[in-house]
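1. below are the sequence and a predicted model for it; my questions follow.
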Amino acid sequence: MFNNQHYATKGVSENIPPLLQILLWELIQKMPVDKDYLQVFCLSESGDKQRIVHSQEVPEYKKEYELNLGSAINGKIFVIDDVTHSTMIMNYEY
């Protein structure tokens with residue numbers, strides 16, 4: 001899972017900096033548990049840092065990160081894998 005073509009929707013391309021997109025893909029690849037087809041990223045500002053909460057339902061997984069990326073993004077991103085490709089999509093585009 002998630003070892004296929006990666007795509008990003010227009011909303012992701014317009015609102016999420018490329019460096020942050022790459023980081024989110026890497027967080028999925030480095031997960032220490034089996035991957036669910038749906039990955040969820042909640043992005044928020046934490047002081048002057050970017051807060052990222054990465055989760056999935058089955059098996060249950062939740063990991064939180066705080067990074068200094070210069071400016072923080074607020075939003076929720078879904079990454080959906082359907083075996084042939086994986087798509088990063090803003091929650092409001094779903």
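-> Nice, thanks for sending it over.
2. need phi/psi at the closest residue to T84 other than its chain neighbours.
-> Distance criterion CB to CB, 6 or more residues apart in numbering; nearest residue to T84, sequence neighbours excluded, is N4 at 6.1 Å. Backbone N, C-alpha and C define where each C-beta goes, glycine included. N4 has phi and psi values of phi -130, psi -160 when expressed as degrees, to the nearest 10.
3. was I right to think N4 contacts D81?
-> Yes. Contact criterion CB atoms under 8 Å: N4 and D81 qualify, at 7.4 Å.
4. for these two, work out which one has more neighbours and name it.
-> D81 (19 against 12; other CB atoms under 10 Å).
5. mind listing what that one touches?
-> Applying CB atoms under 8 Å, 6 or more residues apart in numbering, one finds that D81 lies in contact with M1, F2, N4, K35, Y37, L38, Q39.
6. what helices or strands is the helix or strand where K63 lies leaning on?
-> K63 belongs to strand 61-67 when elements are defined using DSSP states H and E. Contact partners of strand 61-67 among helices and strands, from 3 or more CB pairs under 8 Å, 6 or more residues apart in numbering; DSSP states H and E: helix 18-29, strand 49-56.
7. C-alpha coordinates for it, PDB please?
-> This file holds the C-alpha atoms of strand 61-67, laid out as PDB (Å, rounded to 0.1, in the frame of the first residue of the first chain):
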ATOM      1  CA  TYR A  61      -2.300   4.700  14.900                       C
ATOM      2  CA  LYS A  62      -1.700   8.200  16.000                       C
ATOM      3  CA  LYS A  63       1.500  10.200  16.100                       C
ATOM      4  CA  GLU A  64       2.000  13.900  16.700                       C
ATOM      5  CA  TYR A  65       4.800  16.100  15.400                       C
ATOM      6  CA  GLU A  66       5.800  19.700  16.000                       C
ATOM      7  CA  LEU A  67       8.200  21.200  13.400                       C
END
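8. quick check: what element follows that strand along the chain?
-> strand 75-81.
9. what pairs with that following strand, parallel or antiparallel?
-> Using DSSP bridges, strand 75-81 pairs in its sheet with strand 38-46 (antiparallel), strand 85-90 (antiparallel).
10. adding distance to L67, mean pLDDT and mean neighbour count, write the ones you listed out as TSV.
-> Written out in TSV, the entries for the strands paired with strand 75-81 read as follows (distance: least, CB to CB, whole Å; pLDDT from 0 to 100; neighbours: other CB atoms under 10 Å):
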stretch	distance to L67	mean pLDDT	mean neighbour count
strand 38-46	9	97	17
strand 85-90	18	97	18
